[in-house]
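> Provide a 3D model corresponding to the input given below.
(chains A and B)
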Number of protein chains: 2
Amino acid sequence: MNQKLRTDAEDIARSAIEAVNPDEAVKRALADFAPQGRVFLVAVGKAAWQMARAAVRELPRPVDGGVVVTKYGHVLEEIPGVACYEAGHPVPDEGSFRGTNAVLTLTKDLLPTDTVLFLLSGGGSALFEQSLILPEELQSITRQLLACGADIVEMNTVRKRLSGVKGGRFALHCAPARVEAVVLSDILGDPLDMIASGPAAADPSTAEQAKAIAEKYALKLSEAARSCLEVETPKVLDNVRTQIIGSVRELCRAAAERCRVLGYEPILLTDRLDCEAREAGRFLASILGAHAGEGKKLAFLAGGETVVHLTGPGLGGRNQELALAAAPGLAGLSTDGPTDAAGGYADGDTLAALRAAGLNVHEVLADNDAYHALKAVNGLVRTGPTGTNVNDVSLALIGGL
Amino acid sequence: MNQKLRTDAEDIARSAIEAVNPDEAVKRALADFAPQGRVFLVAVGKAAWQMARAAVRELPRPVDGGVVVTKYGHVLEEIPGVACYEAGHPVPDEGSFRGTNAVLTLTKDLLPTDTVLFLLSGGGSALFEQSLILPEELQSITRQLLACGADIVEMNTVRKRLSGVKGGRFALHCAPARVEAVVLSDILGDPLDMIASGPAAADPSTAEQAKAIAEKYALKLSEAARSCLEVETPKVLDNVRTQIIGSVRELCRAAAERCRVLGYEPILLTDRLDCEAREAGRFLASILGAHAGEGKKLAFLAGGETVVHLTGPGLGGRNQELALAAAPGLAGLSTDGPTDAAGGYADGDTLAALRAAGLNVHEVLADNDAYHALKAVNGLVRTGPTGTNVNDVSLALIGGL
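Numbers count the residues shown, from 1 in each chain, chains lettered A, B, ... in the order given. A predicted model of the protein is given here:
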């Protein structure tokens, strides 16, 4: 095993994970946050409590009011000056409506000098909701759309118009106050209008499209719902500034920065990798093989979330499969190594080590048993709890001459 | 469809294919070939006749003797001053031994001022062979190695030692004459000792390894075969100069050069891609998606030979599957397009066009029916006969602002 490359790989992975830790990321996002007037804190989503606590600790003075709406069991202690609500996920419940009402009351009739610090994370679609129609009809429409095979874009186009806060309407509600949005992304590519259904993001979909979808699928709608579809969502929101934190893109950027510090030239391939894990591993190995002879210290980065199709009863996550599948393509290369945070490590010696341990890569992969194979060749990478659900980055290093 | 990107993609593919055409490639390889003494031409492999004809046309004066050994039916007409033999492939036959004898006679007792122009292409392992043991035993050993699951490296380590021409021994036979080898590569990564079993390439494997393999698999060997394994192959060949032509690497280089001419910054990802075609397509789409917003004209190149696992009865080769599988990841991107020579084309509009034609990408791929789907959306790329069996290059273009 190439110990230097492995040490570097783990160093880079650790730095990248630290950078997307919600506490650290919120802190960085607030570095130049210096509003003059009142500040109201609104935090919504699965990470809302953690983000709110980090913000309150970071701000130079107490907020003028605050509401957190998060999942049941996610409020760990009180936050000074902030009311915390717990609510249902993934299906909105009474808690969602109560928490959302508290938010809307807090942010009603604001002044142009006020600022709403809006901390958004995944799960906000269910946790933050004000239905413009009866909750039973909202459920019925969702069921109808699912049953007729509507895709997620079509679903959202309809549902944004049945909500008082989705599709940019929460930001509109806050106007003329400024909205400083800090969004912890959990969707590849960071589509702002999709994360938690975009309460503070201009909506690219139109009322025309919503009506066309209702017609295409012959949705059964009440008069109230039908008139909701007529009302346009905000297309421009000039009171909002948005920072995306904790995204795969940021994870990749942080990894690239650390690569540079360690003397590697980072090459970001993608921040939205979504193919089969083992094939991504083979692709990365082929990239390393092609560049290994150039005598340069290179780091290829691929962020995203690969998938695994189970064909066997073994143990091992997507990142372990990715690393293991790279081993044959790396065999014999003396200066290479790919790794994944909380995953696996393989280099030019891994295939031989597996063989010596009596293991065949293809059989191991057919069993989805990357964990045990990597364990046998000391190829597991353990990061411990990362404190974030941001997805993966794969790192492929060439050590140069 | 983005017509400009498509036109550029086809232009780049055409230029790259032209560059690896054997006639053109041999011509380029001989550009600075100016030997003072006698010149003997030896051409071996599936492309031997075509390479020999191109060389004879290109050389300023007739060769002093020449032999071609190629597959049955591959000698299309006489070449002045060159004796052409046809032989068996993939199993050596009488023709192989006769042709090889003619080569060895031609290149016997050469002078230091002589030059052997050695034109090598795929298939040479069977076509060019002088067995040091009885042909029946050679077949028996090959069968034993196959039956016990020996890998290709192990097979070659043993077989090179049972041959009078493999593993660098042909070049040794030509010494002290110079050998100017021009190798048309058909193996990813261009391992010279593997292409046609490396008649003019120093052999990295050792007699020790060969004996260990015979022991490991308990091979049944005659005394003659056993003593062959004791004899070392050449480890250094200082009378040989080798040029590799027509390789995937050269295909990629030619494509990159044309990209530059058309204003794209080429980024060579790999020249040895070997993963599942559809997953390579998704990986490339994720690379395009990540870089589409940068406002630069970029071209990502991935050379190699992907694989397809058939799950349905449809029509469509690996390059068509690759392009089609990229469509979902490209959907909505306005400035992107990936293509493959003799394959398929997809861009940001392809997914919508498929939908409009009532086609679902995932169902089409499950049927391995990329051909009909791409045909429906005008996404087939037809190059006609390419005159080469060099493998593929995938091209992913970003058109800039």
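> got the residues of chain A near chain B?
Within chain A, the positions lying close to chain B (Cβ under 8 Å from any Cβ of the partner chain) are A:189, A:268-276, A:279-280, A:282-283, A:286-287, A:289-291, A:302, A:304, A:329. From N, CA and C alone the C-beta is placed, and that goes for glycine too.
> and the closest residue to chain B within chain A, what helix or strand is that in?
Each residue of chain A has a distance to chain B, by Cβ to the nearest Cβ, and the smallest belongs to residue A:279, at 3.3 Å. When elements are assigned from DSSP states H and E, residue A:279 belongs to helix A:277-291.
> now that helix: average pLDDT?
In this model, helix A:277-291 has an average pLDDT of 89.
> what of stretch A:74-84?
The predicted confidence, averaged over stretch A:74-84, sits at 94.
> give me the below-cutoff pLDDT ranges for the stretch 301-401 of chain A.
Judged against pLDDT under 70, the low-scoring parts of the stretch 301-401 of chain A cover residues A:334-342, A:383-391, A:399-401.
> which residue ranges of it form helices?
A:318-330, A:350-356, A:361-366, A:370-376 (DSSP state H, counting those that start in this stretch).
> just put the ones you listed in CSV and tack on mean neighbour count.
Listed next are the helices of the stretch 301-401 of chain A as CSV, based on neighbours: other Cβ atoms under 10 Å in any protein chain shown:
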stretch, mean neighbour count
helix A:318-330, 29
helix A:350-356, 18
helix A:361-366, 17
helix A:370-376, 22
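> export the ones you listed to CSV and tack on distance to residue A:175?
As requested, the helices of the stretch 301-401 of chain A are exported to CSV (distance: least, Cβ to Cβ, whole Å):
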stretch, distance to residue A:175
helix A:318-330, 43
helix A:350-356, 57
helix A:361-366, 54
helix A:370-376, 51
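> tell me which of those sits nearest to residue A:296.
Among these, helix A:318-330 comes nearest to residue A:296, with 17.2 Å by Cβ to Cβ.
> packing partners of the closest one?
The elements that helix A:318-330 packs onto, with contact taken as 3 or more Cβ pairs under 8 Å, 6 or more residues apart in numbering or on different chains; DSSP states H and E, are helix A:277-291, strand A:336-340, helix A:350-356, helix A:361-366, helix A:370-376, strand A:392-399.
> try 6 Å this time
helix A:277-291, strand A:336-340, helix A:350-356, helix A:370-376 (3 or more Cβ pairs under 6 Å, 6 or more residues apart in numbering or on different chains; DSSP states H and E).
> could I get the ones you listed as TSV with distance to residue B:45?
Formatted as TSV, the entries for the helices and strands packed on helix A:318-330 read as follows, by distance: least, Cβ to Cβ, whole Å:
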stretch	distance to residue B:45
helix A:277-291	25
strand A:336-340	32
helix A:350-356	30
helix A:370-376	39
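> residue B:177 is nearest to which of those?
Per Cβ to Cβ, nearest to residue B:177 of these: helix A:277-291, 34.8 Å.
> what's around the closest residue to residue A:239 other than its chain neighbours, how many residues?
Computed as Cβ to Cβ, 6 or more residues apart in numbering or on different chains, the closest residue to residue A:239 that is not its neighbour in sequence is residue A:175, at 4.9 Å. With neighbours defined by other Cβ atoms under 10 Å in any protein chain shown, the count for residue A:175 comes to 17.
> how about residue A:175, phi and psi?
Backbone geometry at residue A:175, expressed as degrees, to the nearest 10, gives phi -60, psi 150.
> likewise the one 5 residues further on?
When read as degrees, to the nearest 10, the backbone of residue A:180 gives phi -100, psi 100.
> that one pairs with what?
Beta bridges link residue A:180 to residue A:117, residue A:241, judged by DSSP bridges.
> so it sits against residue A:117, correct?
Yes - taking Cβ atoms under 6 Å as the definition, residue A:180 is a contact partner of residue A:117 at 5.2 Å.
> more neighbours: which of the two?
When residue A:180 and residue A:117 are compared on other Cβ under 10 Å, the one with more neighbours turns out to be residue A:117, at 26 against 21.
> which residues are in contact with the more buried one?
Shown in contact with residue A:117 (Cβ atoms under 6 Å, 6 or more residues apart in numbering or on different chains): A:39, A:41, A:180.
> tell me the secondary structure for the residue positioned nearest the centre of chain A?
With the centre of chain A defined as its mean C-alpha position, the nearest residue by Cα atoms, centre = their mean is residue A:186, 1.8 Å away. Using DSSP: H, G, I helix; E, B strand; the rest coil, the three-state assignment for residue A:186 comes out as coil.
> quick check: the closest residue to it other than its chain neighbours vs residue A:55, distance?
With Cβ to Cβ, 6+ apart as the criterion, residue A:186 has its nearest non-adjacent residue at 3.6 Å, and that residue is residue A:122. Counting by Cβ to Cβ, to the nearest Å, the gap between residue A:122 and residue A:55 amounts to 17 Å.
> these two: which is more packed in?
With other Cβ under 10 Å as the criterion, residue A:122 and residue A:55 differ in neighbour count, and residue A:55 comes out ahead with 25 against 18.
> would you list the phi and psi of that one?
Recorded main-chain torsions at residue A:55 are phi -70, psi -50, according to degrees, to the nearest 10.
> for it, give me its contacts.
Contact analysis of residue A:55 by Cβ under 6 Å, 6+ apart lists residue A:26.
> how does it look with 8 Å?
With contact taken as Cβ atoms under 8 Å, 6 or more residues apart in numbering or on different chains, residue A:55 is in contact with A:26, A:30, A:41, A:43, A:117, A:119, A:182.
> which one of those residues has the most neighbours?
For these, the largest number of neighbours (other Cβ under 10 Å) sits with residue A:43, at 32 neighbours.
> what sits closest to the residue of chain A closest to chain B if chain neighbours are left out?
Nearest-residue entry for residue A:279: residue B:279, 3.3 Å, with adjacent residues in sequence omitted and distances by Cβ to Cβ, 6+ apart.
> what about the one you found, how many residues close to it?
25.
> which residues sit in contact with it?
When contacts are counted by Cβ under 8 Å, 6+ apart, residue B:279 is found next to A:275, A:276, A:279, A:280, A:283, B:325.
> repeat that for residue A:318.
Residues touching residue A:318, when contacts are defined by Cβ under 8 Å, 6+ apart, comprise A:277, A:305, A:306, A:307, A:308, A:343, A:392.
> ok, back up a step: can you put the contacts of residue A:117 in a markdown table and add pLDDT and distance to residue A:112?
Shown next, in a markdown table, are the contacts of residue A:117 (pLDDT from 0 to 100; distance: Cβ to Cβ, whole Å):
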| residue | pLDDT | distance to residue A:112 |
| --- | --- | --- |
| A:39 | 97 | 14 |
| A:41 | 98 | 19 |
| A:180 | 97 | 14 |
